[in-house]
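Asks: Here is a sequence together with a model predicted from it:
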Protein chains: 2
Amino acid sequence: MLTETSFIETYLKPLCSSRGSLNLSDDAAILSPDPQQDIIISKDILIAGQHFFETDDSEDIAYKALAVNLSDIAAKGAKPISFMLGIAFPEAPEAKWAESFVQGLKMAMQQFDLSLLGGDTTGTKGPLVVSITIFGQIEKGRMVKRSGANIGDQIYVSGTLGDAALGFKLRAAKEETKNWSLKNEEKAELLEKYLKPNPRCALSKLIKEYASSSMDLSDGLVADLEKLCAASKRGAVIDYDQIPLSKPAQKLFFEDKVLKSHCLGWGDDYEILCTIPQKDSETFTKALRTIEIPMTNIGQIESIEHGVIYRNENGDELSLKGQKFSHF
Amino acid sequence: MLTETSFIETYLKPLCSSRGSLNLSDDAAILSPDPQQDIIISKDILIAGQHFFETDDSEDIAYKALAVNLSDIAAKGAKPISFMLGIAFPEAPEAKWAESFVQGLKMAMQQFDLSLLGGDTTGTKGPLVVSITIFGQIEKGRMVKRSGANIGDQIYVSGTLGDAALGFKLRAAKEETKNWSLKNEEKAELLEKYLKPNPRCALSKLIKEYASSSMDLSDGLVADLEKLCAASKRGAVIDYDQIPLSKPAQKLFFEDKVLKSHCLGWGDDYEILCTIPQKDSETFTKALRTIEIPMTNIGQIESIEHGVIYRNENGDELSLKGQKFSHF
């Protein structure tokens, strides 16, 4: 078992490269921002039993905690810079757990050029809490908001949706999923999508350049698109059959339509939802080729009177109202 | 019971006055810092059953959550500006609970000129979590660190120490405290000190102007002074009988010396510990009169070889090694 001091000294301190962290030996950290840039701030708390399984490898827990925060920064068109890490432990961690946790942080930090700035360690009588506040930067006034979508803008999503929901079901709902006709590698693919979201940081420059509005999909397409439309005071028409799906998801959703709508409402995709003005749509699509992140045009922004409508390939309207995720 | 959306819309949105909060309708908040200033960041997580009692009034929980974070900013000589609020609810809150919680936030926000910037709401299967990241500002390069103490500097603490520990005992250790000979108003005073720490923001300007090092006392004088000395690579001699105590604490500690050392090691004081160069000590003491926060000179910084020593009025050295607080 580690003491609080040894956890900080041995495991966290080596992660501090920025001067503002004061090597984790002060009450506060210092951020000296570039005067030309805005600081973009997001905060996501992850709790065992809620956002990950208590038994998950601590490397995966740490990676996911950073990934979901990075996803917010990417969606805003910003470049990640640093983060504050809060952890509440139900009991003092073992050295092995701490090593692997730090390994997960390191992977994400190196991959996305992020430094640890400071934080808080404490105890809890409840499940493990990992609370991250992340900082990004972007030229002043350039953050891409949820609120900029205009009528006629094309709606894009990155990657494929619903996989994390299926991955979660594979772990949590053994009875429901035992007859799913998936190969082992397909199961592994879905499990990985739940365990290790892939923040789309490589998209951020294009979002900054082209998107009229953008957000990351953490609470499911159904709830999140509605939030984007509400912030933009617009409606949307979505081509339900155009929503990008992975091979295993296609297979499962073909057999079970209800499962599809459920998974699209479930969240944890951490893909990007953004709108591109019609006139820039072609240039945007061309520019995408340079970054190897697939994006799919799934519909179009309409006036607010339309509300948010999902249509299938026959043009029939689908009701997905019941599929909005809420944490409580 | 409130939904997540109604908690945010009805209770949190009205707290947002800064433009950068985007009225809580985006994934991220924007901080546009003054180019002459550094951003000072601190993070403190509070968890029911650990940092407050589950049954505490939600107004007090909210106030305390901000107060302990404000205390860090004050200790650094900085001016608070805004904060990110994370909450994890074990169950959806009642409207009454939310109203009172927001009331507590508002009180601290108005008192210390603070605005809500953004945050995260989520659910948990464990106890209530309130995770705050606070931002302050100070002229570039002026943050007062733990690491600036020099030999001969005078050591000061604000207010009185050990009261919060006694207040906690009054609530948690009924058997141990039932024979304490205190008047009801003295009990109330101690309970209040635990429930509602008083962040010393009014001290921050003088700290910035005079202090060579500074920190807030959250983990108890014994552990925190050692941290300050370690960061400064110095030792200290403390006049144990000069440590400022409230009337009820004096009474209890006179009868029970072990209780005194225990309470000084317990934490939750949220008073300021700082060092003032000998030559500025008189000017500092005079300047203190303008702000009505009592500060007591409890000792002096020595060379690192001395270690941290506590001496009683007879000059005898006391051992307080066992009194260092750790969260796990």
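Replies: Perfect, thanks for sending it. Numbering: from 1, shown residues only, chains lettered A, B, ... in the order given.
Asks: Which secondary structure state does residue A:310 sit in?
Replies: Of the three states, residue A:310 takes strand according to DSSP: H, G, I helix; E, B strand; the rest coil.
Asks: what residues are up against it?
Replies: For residue A:310, the contacting residues are A:238, A:240, A:317-318, A:320, by C-beta atoms under 8 Å, 6 or more residues apart in numbering or on different chains. In this view, the C-beta of every residue, glycine as well, is placed from N, C-alpha and C.
Asks: Just the pLDDT for the residue in chain A positioned nearest to chain B.
Replies: When scored by C-beta to the nearest C-beta, chain A has residue A:126 as its residue closest to chain B, at 2.2 Å. Listed pLDDT for residue A:126 reads 96.
Asks: So what's the residue count around the closest residue to residue A:195 other than its chain neighbours?
Replies: Spatial nearest neighbour of residue A:195, excluding adjacent residues (C-beta to C-beta, 6 or more residues apart in numbering or on different chains): residue A:60 at 5.1 Å. Number of residues near residue A:60 (other C-beta atoms under 10 Å in any protein chain shown) recorded here: 19.
Asks: quick one on the thing from earlier: list only buried entries from the contacts of residue A:310.
Replies: A:238, A:240, A:320 (16 or more other C-beta atoms under 10 Å in any protein chain shown).
Asks: that's a strand at residue A:249, yeah?
Replies: No. Residue state for residue A:249 (three-state DSSP) corresponds to helix; a strand is not indicated.
Asks: Apart from its chain neighbours, what residue comes closest to it?
Replies: Distances taken as C-beta to C-beta, 6+ apart put residue A:162 closest to residue A:249, at 5.1 Å, once the chain neighbours are dropped.
Asks: any idea whether residue A:133 is helix, strand or coil?
Replies: strand.
Asks: quick one, what contacts it?
Replies: So residue A:133 contacts A:41-43, A:69, A:83-84, A:86, B:41, B:43, B:84, B:133 (C-beta under 8 Å, 6+ apart).
Asks: Within range of chain B, give me the residues from the stretch 201-328 of chain A.
Replies: Proximity of the stretch 201-328 of chain A to chain B is confined to A:215-216, A:227, A:230-231, A:326-328 under the rule C-beta under 8 Å from any C-beta of the partner chain.
Asks: Go through those and flag which are in strands.
Replies: A:215-216 (DSSP state E).
Asks: Among the contacts of residue A:133, which one lies nearest to residue B:276?
Replies: For these, the minimum distance to residue B:276 (C-beta to C-beta) is 25.5 Å, reached by residue B:41.
Asks: returning to that earlier point: top of the contacts of residue A:133 by neighbour count?
Replies: Busiest of the contacts of residue A:133 [other C-beta under 10 Å] is residue B:133, holding 31 neighbours.
Asks: Show the pLDDT at it.
Replies: 98.
Asks: What residues are bridge-paired with it?
Replies: Assessed by DSSP bridges, residue B:133 has beta-bridge partners residue B:43, residue B:84.
Asks: Quick check: it vs residue B:75, distance?
Replies: Separation of residue B:133 from residue B:75 (C-beta to C-beta, to the nearest Å) stands at 16 Å.
Asks: And for residue A:9?
Replies: Computed with C-beta to C-beta, the distance linking residue A:9 and residue B:75 is 22 Å.
Asks: With residue A:320 instead?
Replies: From residue A:320 to residue B:75 the distance is 51 Å (C-beta to C-beta).
Asks: where does residue A:281 land in three-state SS?
Replies: The three-state label given to residue A:281 by three-state DSSP is helix.
Asks: count of neighbours near it?
Replies: Look at residue A:281: counted by other C-beta under 10 Å, it has 16 neighbours.
Asks: give me every residue that touches it.
Replies: Counting by C-beta under 8 Å, 6+ apart, residue A:281 touches A:154, A:297.
Asks: okay, now residue A:2: neighbour count?
Replies: Applying other C-beta under 10 Å, we find 18 residues neighbouring residue A:2.
Asks: who touches the residue nearest to residue A:268 when sequence neighbours are not counted in this structure?
Replies: Spatial nearest neighbour of residue A:268, excluding adjacent residues (C-beta to C-beta, 6+ apart): residue A:164 at 3.8 Å. Residue A:164 makes contact with A:190, A:193-194, A:197, A:266-270, according to C-beta under 8 Å, 6+ apart.
Asks: most surrounded residue in those residues?
Replies: The most neighbours, when the contacts of residue A:164 are compared by other C-beta under 10 Å, belong to residue A:269, which has 29 neighbours.
Asks: which residue sits closest to that residue in space, ignoring its chain neighbours?
Replies: Nearest residue to residue A:269 in three dimensions, chain neighbours excluded: residue A:217, at 4.3 Å (C-beta to C-beta, 6+ apart).
Asks: my guess is the one you found meets residue A:273, correct?
Replies: Yes. Residue A:217 is within contact range of residue A:273, at 5.4 Å (criterion: C-beta atoms under 8 Å).
Asks: Find residues that contact each of these two.
Replies: A:157, A:224.
Asks: hang on, the earlier thing: identify, from the contacts of residue A:133, the entry nearest to residue B:118.
Replies: For the contacts of residue A:133, the nearest to residue B:118 is residue B:84 (5.3 Å; C-beta to C-beta).
Asks: is it true that the closest one touches residue B:119?
Replies: Yes. Counting by C-beta under 8 Å, residue B:119 is a contact partner of residue B:84 at 4.8 Å.
Asks: how about residue A:148, what does it touch?
Replies: Per C-beta under 8 Å, 6+ apart, neighbours of residue A:148: A:211-213, A:232, A:275.
Asks: So what does it have for phi and psi?
Replies: When read as degrees, to the nearest 10, the backbone of residue A:148 gives phi -100, psi 10.
Asks: This completes my enquiry, with thanks.
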